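# please work out how this folds:
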Amino acid sequence: MPKHYLKYGGVRFVNNATPEEINAFVNELSDTQRRSLFNVVTLLEEEGLISLIEGDTTTMDKNMEEFLVPNSDPQL
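This next block holds a predicted model:
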């Protein structure tokens, strides 16, 4: 099974439900609840739909920095 990491924060997690079940749960959240990835992840974990793996995180590799584009780039 491949490892999954949150795009923002780099925390590893495992699915305890199908992607369809997770998507349905997230789609039912209010706009306010979905505004924060941290909040969504917390709610998914509280509902038992995912489990976070403590101590297994990832960050952007230093040798990939040259390929990063700042969010403020006017062409984005």
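# can you verify Glu54 is assigned to a strand?
Yes - membership of Glu54 in a strand is supported by DSSP: H, G, I helix; E, B strand; the rest coil.
# now it: how far from Glu45?
To Glu45, Glu54 is 11 Å away according to CB to CB, to the nearest Å. The way it works is simple: take the backbone N, C-alpha and C, and place the C-beta from them, glycine included.
# could you do Arg12 as well?
13 Å.
# residues near Leu52, how many?
For Leu52, the neighbour count with other CB atoms under 10 Å is 17.
# got a list of what it touches?
By CB atoms under 8 Å, 6 or more residues apart in numbering, the contact list for Leu52 reads Val11, Arg12, Phe13, Val41, Glu45.
# which other helices and strands contact the one helix or strand Thr32 maps to?
Secondary structure assignment for Thr32, by DSSP states H and E: helix 31-34. Contacts defined by 3 or more CB pairs under 8 Å, 6 or more residues apart in numbering; DSSP states H and E place helix 31-34 against helix 37-46.
# show me what the helix it packs on is packed against.
Helix 37-46 packs on helix 19-28, helix 31-34, strand 50-57, going by 3+ CB pairs under 8 Å, 6+ apart.
# one step back: and the contacts of Leu52, which are buried?
Taking 16 or more other CB atoms under 10 Å as the criterion, what is buried in the contacts of Leu52 is Val11, Arg12, Phe13, Val41.
# which one of those sits closest to Arg35?
Nearest to Arg35 among the buried ones among the contacts of Leu52, counting by CB to CB, is Val41 at 12.7 Å.
# and the closest residue in space to Gly48 that isn't next to it in sequence, how far from Gly10?
Distances taken as CB to CB, 6 or more residues apart in numbering put Asn16 closest to Gly48, at 5.7 Å, once the chain neighbours are dropped. For Asn16, the distance to Gly10 (CB to CB) stands at 20 Å.
# how about Asn23?
Look at Asn23 and Gly10: by CB to CB, they are 22 Å apart.
# low-confidence ranges in this structure?
1, 4-9, 55-76 (pLDDT under 70).
# just to revisit the earlier point, wait, the residue nearest to Gly48 touches Glu46, no?
No - counting by CB atoms under 8 Å, Asn16 stays clear of Glu46, with 11.8 Å between them.
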